[in-house]
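Undergrad: Requesting a structural model of the entry that follows:
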Amino acid sequence: MINKLCFISLLIGGIILASCSTKLDTIEIRQDTKTGQVILRSGRLELIVETKDGLNPGSLRDLKSGRIYADADYRWHGIDRPEIDQSPIISADGHSMTFIARTGFLLIEQTFAAPQPDVITEVVDIRNPFQSTVVMTDFACGFAKRLQEGSDWLPDVVNARFCDVPYRSHPETGELCEYSVQEMATKENWFSTVRSPMYDRIKSSIWGAEGWAWYMGGNALLISKYNQDEIEWSLLKVEPNLASEGTGTVLRFGGAGRWKLGDPESLSYLMPGTRFTAGTTRYQALDGDWPAAYTAYKSFSEEMGHRIPPDFDPPVHWNELYDNQLWWKGDNAVNRAKYYQLEDIEREAEKAKELGCQCLYLDPGWDTKFGSNIWADDRLGRQEDFVRWLKGKYGMSLALHTPLAPWSDIAGYPDEARRMDKNGRRLNELCCASSIYIKTKVERLRELCSKGAYFLMYDGSWFPGECWDKSHGHSIPLSHREHLGAILSIAQRVHAEYPLLMIEQHDPMTGPGTPRYTPTYFMHGKSGAFDELWGYEYMIDPMDDIITKRAFSLYYLNLAYSMPVYLHIDLRKDNDQALMFWWYASTCRHLGVGGKSRPPVWEAQKRAMKTYLENKRFFTQGIFYGLEETVHAHTLPDIRESVINVFNLEDKSIKKNIRFRLEEIGLGKGTPGQAIGEELSFNMNIPALGHQLLLVTAKPNESARISMVEMIQPD
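TA: Down below sits the predicted model:
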């Protein structure tokens with residue numbers, strides 16, 4: 001029996017139809033040769049492209065809800081509207097259509113596809129086949145939605161909301177990153193490239209994110225951008241109407257364009273014979289509000305390979321930095337000799353063992369010079385002996401802080417690896433893309449791995465600025481893209497010899513710091529690339545980061561991604577409820593700690609660590625579900641159990657009731673057809689700035705139940 005029609009091509013009354021349909025969902029392309037309209041329908045999403053007067057994808061709507069997302073001429077900024085001189089190319093399966101057009105010296109190729117019902121993707125490709133360089137700094141393109149007629153807001157946008165995905169909570173401020181069109185039209189956006197005070201923020205009329213949840217009235221459109229080769233974002237911008245449209249404004253969205261420090265760089269200038277292919281913009285129609293968009297985005301990110309590795313089980317780290325006076329007194333040769341000897345590290349290993357940690361992480365101080373990555377035999381003995389001692393006496397592995405070129409002592413590397421200005425003068429900073437730096441760095445990292453290091457932290461990865469040294473092997477001057485490529489290359493070359501090595505990567509344009517410059521997914525999943533993300537520098541004031549909601553960004557990140565996050569925290573900032581410990585255990589799949597607390601807090605943390613280790617698989621491998629910002633579920637479907645962290649961030653005790661359907665935490669059904677139960681409810685008393693850990697069990701043929709795992713009481 002045939003239940004799927006894969007392709008039909010007919011010409012009836014000027015209509016060309018190419019379709020692929022199933023009983024419930026339809027993907028089809030229709031072309032009206034008389035009007036020049038080409039229509040792509042993907043489930044509930046319908047796109048209409050006008051071609052008679054140039055390339056104009058002017059209509060995008062949700063057939064199920066009736067929501068209209070684009071209803072004005074498609075925007076082509078910086079160029080004239082491309083003129084189409086041939087029929088669209090429709091794929092054999094009827095799932096995609098490509099328009100080839102010309103404008104000035106450029107060829108534009110715009111492809112729309114329907115990879116699945118309710119989803120339409122867009123890719124814009126720009127080619128310069130001529131002999132002159134074309135300046136593209138003003139280029140931007142995208143769909144347009146009418147917002148105003150004159151000064152009056154239109155009713156179908158006045159209550160719309162736009163939610164940043166995955167940073168609904170701003171990592172630097174804790175502010176809610178959710179906006180109305182009125183806000184986007186009247187206030188400026190901002191971004192920063194360092195963890196900076198407000199006066200260092202860079203203002204922008206463009207609103208950028210990895211994705212946007214455009215929602216209103218129980219319906220949402222997820223607009224996301226994905227590009228692993230160039231730095232790109234999903235952009236929104238409120239703009240004046242075209243002269244032909246009268247007074248008022250539109251919202252430009254999707255398409256492509258530059259943001260922040262001029263990225264993607266390749267879009268700035270098109271040299272003769274070159275091309276720029278924008279990353280894929282993905283439009284997905286959904287029932288629900290922003291949470292539905294987050295769920296859909298997470299599903300997509302996992303499809304793209306951004307997920308937890310099988311059997312992920314990283315050891316809990318102890319970071320010696322917090323109690324080691326070197327960092328606080330000043331990292332120099334004198335203080336390294338005074339504060340960073342084997343006996344200093346042994347004291348830290350004793351604390352780590354007492355708490356229950358499984359790995360000793362050495363922050364700045366273990367090498368001969370800051371960032372040299374040459375083991376300091378004179379102070380710590382041979383690395384091989386250190387690793388054997390650490391494993392034999394404490395049962396712990398070794399992790400190392402290995403910052404990259406911009407944050408390294410230049411005396412630790414050949415002079416030729418330093419940056420050069422355009423006048424040929426050496427600068428007091430290393431160039432990450434220098435061939436001699438890469439060779440030296442890779443050799444040293446491989447040696448550290450050969451002698452027992454299992455984990456390396458790629459800190460200090462910011463873009464240092466232009467380099468004009470022709471001997472380095474990069475373009476003149478150094479570009480963002482080559483800096484990023486150098487970091488990737490270092491990871492790949494080390495991973496090639498040590499595939500089990502774990503590499504944590506700070507943001508490769510701004511790290512260390514709270515801001516995220518590149519998209520979260522960027523470079524992750526590429527062969528040999530980094531394994532873990534950094535937890536936004538919440539290592540210094542981790543309790544304050546929770547209370548101010550800065551660390552809520554980790555909650556939302558877990559709703560949108562399954563990638564592992566690594567962070568170490570200062571336990572001395574915690575309270576006797578171990579609230580801080582549990583927050584980061586719940587939001588960072590790879591946990592690091594350090595700093596011995598005062599006795600009541602230390603004892604609470606020891607109990608918390610014991611409970612954590614007993615339930616560690618939930619936190620490292622479990623599927624993360626957010627019932628609310630202070631209620632986090634970690635579910636293991638294979639054993640049909642979930643642990644739920646419940647937090648009280650108020651300065652007084654509270655009575656809290658949590659109610660949820662089992663489907664909300666991934667435990668909705670047992671064996672096929674066997675319902676476990678619709679809803680569970682649990683009442684609890686939580687002390688001020690306290691925490692409670694619950695266990696939900698939903699076994700087949702049994703009644704679902706909630707039980708308390710731990711509630712820490714002060715001594």
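Undergrad: Look at the most centrally placed residue in the chain and tell me its secondary structure.
TA: Most central residue of the chain, judged by C-alpha distance to the mean C-alpha position with Cα atoms, centre = their mean, is Thr520 at 2.1 Å. State at Thr520, reduced to three classes by DSSP: H, G, I helix; E, B strand; the rest coil: coil.
Undergrad: which residues sit in contact with it?
TA: Listed by Cβ atoms under 8 Å, 6 or more residues apart in numbering, the contact set of Thr520 reads 166, 210, 533, 557, 560-561, 563. All C-beta spots, glycine's among them, are computed from the backbone N, C-alpha and C.
Undergrad: hmm, 7 Å instead?
TA: By Cβ atoms under 7 Å, 6 or more residues apart in numbering, the residues touching Thr520 are 166, 210, 533, 557, 561.
Undergrad: count of neighbours near Val72?
TA: Let me fix one detail, which is that residue 72 is Ala and not Val. Residue neighbour count, defined by other Cβ atoms under 10 Å, stands at 21 for Ala72.
Undergrad: What of Asp80?
TA: Per other Cβ under 10 Å, the neighbour tally for Asp80 reads 11.
Undergrad: Mind listing the residues bridging to the spatially closest residue to it that is not a sequence neighbour?
TA: In this structure, Asp80 finds its nearest non-sequential neighbour in Thr103, 4.9 Å apart by Cβ to Cβ, 6 or more residues apart in numbering. For Thr103, the beta-bridge partners are Leu106 (DSSP bridges).
Undergrad: Test my guess that Thr103 contacts Ile84.
TA: No - shown here, Thr103 and Ile84 do not form a contact pair, counting by Cβ atoms under 7 Å, at 10.4 Å.
Undergrad: re earlier: which pair in the contacts of Thr520 spans the largest distance?
TA: Distance extremes for those: the farthest pair is Glu210 and Leu533 at 13.1 Å, using Cβ to Cβ.
Undergrad: ok, back up a step: inside strands: which ones of the contacts of Thr520?
TA: By the criterion of DSSP state E, membership of these in strands covers Leu533.
Undergrad: could you dump the contacts of Thr520 to a markdown table with distance to Pro477 and pLDDT?
TA: Formatted as a markdown table, those follow (distance: Cβ to Cβ, whole Å; pLDDT from 0 to 100):
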| residue | distance to Pro477 | pLDDT |
| --- | --- | --- |
| Pro166 | 33 | 98 |
| Glu210 | 28 | 98 |
| Leu533 | 29 | 98 |
| Leu557 | 34 | 98 |
| Tyr561 | 33 | 98 |
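Undergrad: Mind checking which of the contacts of Thr520 land in helices?
TA: Per DSSP state H, helices hold the following members of these: Leu557.
Undergrad: out of the contacts of Thr520, which one sits closest to Lys338?
TA: Leu533 (34.4 Å).
Undergrad: Check the burial of the closest one by counting its neighbours.
TA: Other residues lying near Leu533 total 26 when counted by other Cβ under 10 Å.
Undergrad: Helix or strand: which one has the closest residue to Leu694 other than its chain neighbours?
TA: Nearest non-adjacent residue to Leu694, counting by Cβ to Cβ, 6+ apart: Ile644, 4.4 Å away. Secondary structure from DSSP states H and E places Ile644 in strand 641-648.
Undergrad: Tell me the helices and strands packed up against that strand.
TA: Other elements packing on strand 641-648 under the criterion 3 or more Cβ pairs under 7 Å, 6 or more residues apart in numbering; DSSP states H and E are helix 579-587, strand 631-636, strand 654-661, strand 679-686, strand 690-697.
Undergrad: Remind me what the longest helix along the chain packs against, helices and strands.
TA: In the chain, with assignment by DSSP H, the single longest helix is helix 480-497. For helix 480-497, the elements it packs on are helix 435-450, judged by 3+ Cβ pairs under 7 Å, 6+ apart.
Undergrad: quick one: average pLDDT of the helix it packs on?
TA: Averaged over helix 435-450, pLDDT sits at 98.
Undergrad: That helix: how far from the chain's middle?
TA: Its chain's C-alpha centre lies 28 Å from the corresponding centre of helix 435-450 when counted by Cα atoms, centre = their mean, to the nearest Å.
Undergrad: Show me what that helix is in contact with.
TA: So helix 435-450 is contacted by 373-375, 400, 402, 405, 413-414, 416-417, 430-431, 456, 472-473, 486, 489-490, 493-494, 497-498, 501 (Cβ under 7 Å, 6+ apart).
Undergrad: just the strands in the stretch 151-300 of the chain please.
TA: For the stretch 151-300 of the chain, the strands defined by DSSP state E, counting those that start in this stretch cover 152-153, 161-165, 178-179, 189-191, 202-204, 207-209, 211-216, 219-226, 234-240, 249-257, 269-270, 275-277, 280-287.
Undergrad: Also the stretch 351-500 of the chain?
TA: Ranges of strands within the stretch 351-500 of the chain are 359-362, 397-401, 418-420, 426-430, 453-458, based on DSSP E, counting those that start in this stretch.
Undergrad: if we compare the ones you listed, which one ends up closest to Thr26?
TA: The nearest among the strands of the stretch 351-500 of the chain, by Cβ to Cβ, is strand 453-458 at 46.8 Å.
Undergrad: Could you tell me which strands that closest one is paired with, and in which direction each runs?
TA: Here, using DSSP bridges, strand 453-458 pairs with strand 397-401 (parallel), strand 502-505 (parallel).
Undergrad: Send over the first one as PDB, restricted to the C-alpha atoms.
TA: Written as PDB, here are the backbone C-alpha positions of strand 397-401 (Å, rounded to 0.1, in the frame of the first residue of the first chain):
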ATOM      1  CA  SER A 397      42.800  12.900  38.400                       C
ATOM      2  CA  LEU A 398      44.600  16.100  37.100                       C
ATOM      3  CA  ALA A 399      43.000  19.100  35.400                       C
ATOM      4  CA  LEU A 400      44.900  22.100  34.200                       C
ATOM      5  CA  HIS A 401      44.400  25.800  33.400                       C
END
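Undergrad: ok, Met420 touching Glu466?
TA: No - contact criterion Cβ under 7 Å: Met420 and Glu466 do not qualify, at 9.2 Å.
Undergrad: Looking at these two, which one has more neighbours?
TA: More neighbours surround Met420 than the other of Met420 and Glu466, with 22 against 15 (other Cβ under 10 Å).
Undergrad: Check what pLDDT His401 gets.
TA: Predicted confidence (pLDDT) at His401: the value is 98.
Undergrad: Show me what it bridges to in the sheet.
TA: Met457.
Undergrad: List the contacts of stretch 360-376.
TA: Here stretch 360-376 has contacts from 317-321, 324, 326-327, 331, 336, 340, 348-349, 352, 380, 383, 390, 396, 398-403, 407-409, 411-412, 444-445, 448, 460, 568, 592, using Cβ under 7 Å, 6+ apart.
Undergrad: Now do the buried residues in stretch 480-499.
TA: 480-491, 493-495, 498 (16 or more other Cβ atoms under 10 Å).
Undergrad: Format the CA atom coordinates belonging to that stretch as PDB.
TA: What follows is the C-alpha trace of stretch 480-499 in PDB, where atoms were taken according to Å, rounded to 0.1, in the frame of the first residue of the first chain:
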ATOM      1  CA  HIS A 480      38.200  37.200  13.600                       C
ATOM      2  CA  ARG A 481      37.700  34.100  11.500                       C
ATOM      3  CA  GLU A 482      41.400  33.100  11.500                       C
ATOM      4  CA  HIS A 483      41.700  33.700  15.200                       C
ATOM      5  CA  LEU A 484      38.700  31.400  15.800                       C
ATOM      6  CA  GLY A 485      40.200  28.900  13.300                       C
ATOM      7  CA  ALA A 486      43.500  28.900  15.200                       C
ATOM      8  CA  ILE A 487      41.700  28.000  18.500                       C
ATOM      9  CA  LEU A 488      39.800  25.200  16.700                       C
ATOM     10  CA  SER A 489      43.000  23.900  15.200                       C
ATOM     11  CA  ILE A 490      44.800  23.700  18.500                       C
ATOM     12  CA  ALA A 491      41.900  21.700  20.000                       C
ATOM     13  CA  GLN A 492      41.800  19.400  17.000                       C
ATOM     14  CA  ARG A 493      45.500  18.700  16.900                       C
ATOM     15  CA  VAL A 494      45.600  17.900  20.600                       C
ATOM     16  CA  HIS A 495      42.400  15.800  20.400                       C
ATOM     17  CA  ALA A 496      43.800  13.900  17.400                       C
ATOM     18  CA  GLU A 497      46.400  12.300  19.700                       C
ATOM     19  CA  TYR A 498      44.300  12.300  22.900                       C
ATOM     20  CA  PRO A 499      40.600  11.800  21.900                       C
END
